[in-house]
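Undergrad: next one to model:
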Amino acid sequence: MTSVKTESQQLRRADGSPLRVLVVDDEAPLAELLSMALRLEGWEVRAAGDGSSAVRAARDFRPDAVVLDVMLPDFDGLEVMRRMRSEQSDVPVLFLTARDAVEDRIAGLTAGGDDYVTKPFSLEEVVARLRGLLRRAGMATAHSEAQLVVGDLTMDEDSREVRRAGEIITLTATEFELLRYLMRNPKRVLSKAQILDRVWNYDFGGQANVVELYISYLRKKIDVGREPMIHTMRGAGYVLKPAA
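TA: Residues are numbered from 1 along each chain as shown. This next block holds a predicted model:
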C-alpha cells in the first residue's frame, strides 16, 4: 500500500518564532472563530473587542499583522490603525467589515490599509489574505515544505497546485479548501458537520447536502478513471486514503 505523508507549511518570523496576529472585532463569536483559524496556522493570536483595547494590545503584543473591523463601539478601525501606526509604522492591516460600498473600500485602503475583506467571508480567505500580506511585507518565511502528499495525490499549499500521478488537477477555491482539509486528515473519517464547520463560511446556514455536492465535484476531478481515494462511510462521513 502507498504510504501517507503529510507536511504542513508554516509561515514564521525570520527568527523561527510564531507570527503574531491581532484580531479586532466586537462580535465575540466571530473573533473567536477567526482566532481559532489563525492558531491552526501555528500563529500566536490575541483578540480585542473595541478600539481602546486594540491599541493597548498592539502596544503590548507587537503583532506582525492586524485583522481589523472598521465598525467598533468606541472609535472606528481607521482611527485604531492610525494610533497603531504611530507606534508600529509598518504593521500590515487587513480591514474587515460588513460595509461593501466602493467608497468604504477606497477609504480604508487610501487611509493606509493593506487589504479589505467584507462580511460574510470564508475563514480560509482571511488566512490566505494574511499570508499574502505577511509575505509581501517580508515578515514571514516558510520553515517547512508547503506540500501535502497522500498516495499519488499532491498539493502545494503555497502555489495551490494539485496533481494526481503527476497530472495537474484544476480546482475551484472551495474544492481546493475541501481537498486540503481531507488531505490534512488522511485515513480519518470526517463528518459532514466537521467539513461544513471547517470549509464553509463562519455563518453558513446551509444543509449538509452542499458537502455531498462538493464531494461529488472532487470525485469527478480526483477519482474518475483512477482508483478511488475519496470514500463515503455511510452514516459517518467521508475519508481520503491512498488508492489500494
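
Undergrad: give the next helix or strand downstream of the helix or strand bottoming out on mean pLDDT in the chain.
TA: Of all helical and strand segments in the chain, the minimum by mean pLDDT, DSSP states H and E falls on strand 4-6, at a mean of 36. Where DSSP states H and E defines the elements, the next helix or strand beyond strand 4-6 is strand 11-12.

Undergrad: for that next one, name the packing helices and strands.
TA: Counting contacts by 3 or more C-beta pairs under 8 Å, 6 or more residues apart in numbering; DSSP states H and E, strand 11-12 packs against helix 123-136, strand 141-142. For glycine as for every other residue, the C-beta is placed from the backbone atoms N, C-alpha and C.

Undergrad: pick the most buried one from the ones you listed.
TA: Mean neighbour count (mean count of other C-beta atoms under 10 Å) peaks for helix 123-136 among those, with a mean of 18.

Undergrad: what residues does that one touch?
TA: Helix 123-136 has contacts (C-beta atoms under 8 Å, 6 or more residues apart in numbering) with 11, 19, 21, 33-34, 37-38, 41, 64-65, 67, 92, 94, 96, 114-115, 117, 140, 173, 177, 199, 201-202.

Undergrad: before we move on, what about stretch 25-42?
TA: Contacts of stretch 25-42 (C-beta under 8 Å, 6+ apart): 10-12, 18-19, 21, 23-24, 45, 47, 49-50, 67, 69, 71-73, 96, 123-124, 126-127, 130, 202.

Undergrad: pull out the buried residues from these.
TA: Among the contacts of stretch 25-42, those classed as buried by neighbour count (16 or more other C-beta atoms under 10 Å) are 10-12, 18-19, 21, 23-24, 45, 47, 49-50, 67, 69, 72, 96, 123-124, 126-127, 130, 202.

Undergrad: returning to that earlier point: mind giving me the ChimeraX command for buried ones among the contacts of helix 123-136?
TA: The ChimeraX selection below is limited to those of these classed as buried (16+ other C-beta under 10 Å):
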select :11,19,21,33,34,37,38,41,64,65,67,92,94,96,114,115,117,140,177,199,202
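
Undergrad: okay, now residue 185: neighbour count?
TA: 16 (other C-beta atoms under 10 Å).

Undergrad: which non-adjacent residue is nearest it?
TA: What sits nearest to residue 185 in space, not counting adjacent residues and going by C-beta to C-beta, 6 or more residues apart in numbering, is residue 240, at 7.5 Å.

Undergrad: and the helices and strands packed on strand 11-12, which one's lowest on average pLDDT?
TA: In terms of mean pLDDT, the lowest-scoring of the helices and strands packed on strand 11-12 is strand 141-142 (a mean of 54).

Undergrad: quick check, residue 45 in a helix?
TA: No. Counting by DSSP: H, G, I helix; E, B strand; the rest coil, residue 45 is not part of a helix but strand.

Undergrad: list the contacts for residue 49?
TA: Per C-beta under 8 Å, 6+ apart, neighbours of residue 49: 24, 25, 26, 28, 31, 73.

Undergrad: from the residues you listed, which two are the most distant?
TA: Spatially, the most separated pair among the contacts of residue 49 is 31 and 73, at 13.1 Å (C-beta to C-beta).

Undergrad: using the three-state scheme, assign residue 231.
TA: Classified using three-state DSSP, residue 231 is strand.

Undergrad: list the contacts for it?
TA: With contact taken as C-beta under 8 Å, 6+ apart, residue 231 is in contact with 238, 239, 240, 241.

Undergrad: can you pick the most crowded of these?
TA: Counting neighbours by other C-beta under 10 Å, residue 240 leads the contacts of residue 231 with 25 neighbours.

Undergrad: give me phi/psi at it?
TA: phi -110, psi 130 (degrees, to the nearest 10).
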